[in-house]
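Novice: Generate coordinates for the sequence data below:
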Amino acid sequence: MMEFDQLWIGGAWAPSAGERRFHVRSPHDGAPVGTAPEAVETDIDRAVDAARRAGDSGPWPRLSPGQRQEVVARFGKLYEAHTEALANLVTDQNGSAIWFSTALQKDTASRIGDFVDVAAGFDWERVIDSPRTLVRREPVGVVAAIVPWNAPQNLALAKVIPALLAGCPVILKPSPETPLDGLLLGELFAEAGLPDGIFSVLPADREVSEYLVRHPGIDKIAFTGSTAAGRRIAAVAGEQLKRVSLELGGKSAAILLPDADLEAATAGIKSAAFLNNGSACIAHTRILVHDSQYERAVTCLSDMVAATRVGDPKDPATFLGPMVSARHRDRVRGYIELGITEGARLVTGGPGTPEGLESGNYIQPTLFADVDNAMRIAQEEIFGPVLTVLRYRDEAEAVAIANDSAYGLSGGVWTADHEHGLDIARRIRTGGFHINGAPRSPRAPFGGFKDSGIGREYGPVGLGQYTELKSIGY
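Specialist: Prediction:
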C-alpha cells in the first residue's frame, strides 16, 4: 500500500481542504494499491495562488533558459533512477503489462534529456533587421496539465517538462484512476532545485478539474484524453481565451498493400494495435486489406490475436493485462457485443472473460472481419484490444476508407516499396504515420488532425506551445 496523506502544493506537502480520498485497487485482482487525497476547489485556489506568485514575481521565469535547463537535467537524472519503481506503480494502478510500463518509463526518462537538448538549441531570441526588431519567446504563464490514466507518467512529463523549460509554473492534475505516481514527482522536482510555487500535483474528479480549467489564474491548459472531454475544455477555455493544446482520441488505420509481407505486418500490427492493452489513442485498430489477400490476412491476424497472452500484468510473459476498471471493461465488452449486433464476423475472441481471470477486469483480445467502415466499431474509439478488418478493392478506396474518420492521429502502411509507402503517407490526413512500423523521432511533433486534437507535443514545436511571441522594435 502506498498512502499519501497530503497533496503537493506549490513545492511542499500540504493537507487537502477536503476529506475525500481516492482508493486505488489493482485491476488484476482488486487488491488495494494505495490512497491519495482528493483535491477540492480550495486546494486549486491555493495551488494557483502559489503558481501566480512564482510566475509573476518569482525567479523561475526570469532565469536564463540555460539555468532552467540545468534544473530540469538534474530532475532527469533523479527520475532515471526511479523508472523501475514507477513502472511497477503504474502497472499496479492501471493494469498495463509490465513490459510496456518498463519500456515507457525508460523512454520517458530519455525524452527529458531530449527536451533539454531541444531547449539548448531553441530560438529564444532573434533579431530581425530593417527595421531592427527583437523577437523573443516568453512563458505563456501558469499551465494546467491534465492527464489520463493510460500512460500517466509519460503524458504528464510530455507537458510538465517543456512548460518548465519555457519558464511556466505547472499544476499537474492526474486521473482519479492513477493518482499515486504523479504525487511522487513533487519531491523529485524539489530535490532537483525547482523553486517553491512552480509545481503542484492535485488529483481530482471531473467537477474539480473543470474548476481548474475555468480558474482565471490559469493561462494555458495542456490536456490528453477523450475527444468529448477535449471539446468541453476547449469550450470553457474559449470563454476566457486561454491557450489550449489538446491531444485527443484516435481510430487509426493500417493499410496492407498487396505487396506487403503479411507475417511482418501481422507482427507489427500486434504491437501497434495491442500496445498498452489496446488502451492507446495511437492504436492501429482498423486493418485495411486488399481483396486479393483478404482471407489470408484474416487468418494471419486471427492466429496472432488468439495466441496473444492475457494475464497478470506483473508477469513478464504477459502481453495484455486487464482494463483499468470494471466500468471500462464493460464499455469495451459492450463494443464487442455491438460489433456482433452490427453484423461483423467475429473471428476470434468475444465478450466473455478469459478463462481463469474472472477476478480481474479482463477482456478477450478480439478480431472482427467483414467490417463496414460505417459500423460504430470502425468509427468509434474503443480503447481496448479489439481489431476490425476491412476490405478495399484498389488503392484509392483504401486511402478514402483510411480518411473516412472523425479522427486523424496516427496510421500506417505496409508495403515492399518504401517510396510507394511515402506516397500513401502523404495522402492520409493524420498527424503521424508509419511505414512498415518504423518509429518516429522523439523530437518530431506529435498530435492530431480533425477530432484528434489541437497543437503538438515534443521537439521544438512542442516546446513552443508553452511560449508567447513578443516583438520589440529598437
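
Novice: So the protein: which segments form each domain?
Specialist: 2-248+452-473, 252-441 (automatic domain parsing).

Novice: can you put those domains in CSV and add mean neighbour count and mean pLDDT?
Specialist: Bear in mind the C-beta positions are built from the backbone N, C-alpha and C, glycine included. As requested, these are arranged in CSV below (neighbours: other CB atoms under 10 Å; pLDDT from 0 to 100):
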stretch, mean neighbour count, mean pLDDT
domain 2-248+452-473, 20, 98
domain 252-441, 19, 98
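
Novice: Name the SS class of the nearest residue to Gln6 once chain neighbours are set aside, please.
Specialist: With CB to CB, 6 or more residues apart in numbering as the criterion, Gln6 has its nearest non-adjacent residue at 4.2 Å, and that residue is Trp13. The three-state label for Trp13, taken from DSSP: H, G, I helix; E, B strand; the rest coil, comes out as strand.

Novice: need the contact list for Trp13.
Specialist: Remark: with contacts taken as CB atoms under 8 Å, 6 or more residues apart in numbering, Trp13 is in contact with 6-7, 186.

Novice: same check, this time on Val160
Specialist: 145, 170, 172, 185, 199.

Novice: Then Phe115?
Specialist: Phe115 is in contact with 72, 161-162, 165, 462-463, counting by CB under 8 Å, 6+ apart.

Novice: Closest one to Val244 out of those, please.
Specialist: Of all the contacts of Phe115, the one sitting nearest Val244 is Gly462; the distance, using CB to CB, is 14.2 Å.

Novice: how near is the closest one to Thr227?
Specialist: Shown here: Gly462 relative to Thr227, a distance of 20 Å by CB to CB, to the nearest Å.

Novice: gap between the residue nearest to Ala120 when sequence neighbours are not counted and Pro162?
Specialist: Counting by CB to CB, 6+ apart, the nearest residue to Ala120 once its immediate chain neighbours are dropped is Gln69, at 6.0 Å. Gln69 is 11 Å from Pro162, where distance means CB to CB.

Novice: shared neighbours of those two, which are they?
Specialist: Ala119.

Novice: pretty sure Pro195 is in contact with Trp60, am I right?
Specialist: Yes - in terms of CB atoms under 8 Å, Pro195 counts as a neighbour of Trp60; the distance is 5.2 Å.

Novice: Common neighbours of these two, please.
Specialist: Taking CB under 8 Å, 6+ apart as the criterion, Pro195 and Trp60 both touch Ala54.

Novice: The contacts of Val160 in strands, which ones?
Specialist: Those of those mapping onto strands are 145, 170, 172, 199, per DSSP state E.

Novice: Let me have those residues in JSON lines, adding distance to Pro131 as columns.
Specialist: What follows is those, written out as JSON lines (distance: CB to CB, whole Å):
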{"residue": "Ala145", "distance to Pro131": "39"}
{"residue": "Val170", "distance to Pro131": "37"}
{"residue": "Leu172", "distance to Pro131": "42"}
{"residue": "Phe199", "distance to Pro131": "40"}
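
Novice: and which of those is nearest to Lys242?
Specialist: Within the ones in strands among the contacts of Val160, distances to Lys242 taken as CB to CB reach their minimum at Ala145, with 13.3 Å.

Novice: The closest one and Arg46: what is the separation?
Specialist: As judged by CB to CB, Ala145 and Arg46 stand 17 Å apart.

Novice: same check, this time on Thr308
Specialist: In this structure, Thr308 and Arg46 are separated by 46 Å, where distance is defined by CB to CB.

Novice: From what I see, Ser325 and Ser26 are in contact.
Specialist: No - distance between Ser325 and Ser26: 10.9 Å, which falls outside the contact criterion (CB under 8 Å).

Novice: show me the contacts for the nearest residue to Gly448 once chain neighbours are set aside.
Specialist: Taking CB to CB, 6+ apart, and ignoring the residues beside it in sequence, Gly448 has Leu409 as its nearest neighbour in space, at 4.0 Å. By CB under 8 Å, 6+ apart, the residues touching Leu409 are 248-250, 252, 281-282, 430-432, 447-449, 452-453.

Novice: Name the nearest of those relative to Tyr362.
Specialist: For these, the residue nearest Tyr362 by CB to CB is Cys281; the value is 21.5 Å.

Novice: any idea whether that closest one is helix, strand or coil?
Specialist: coil.
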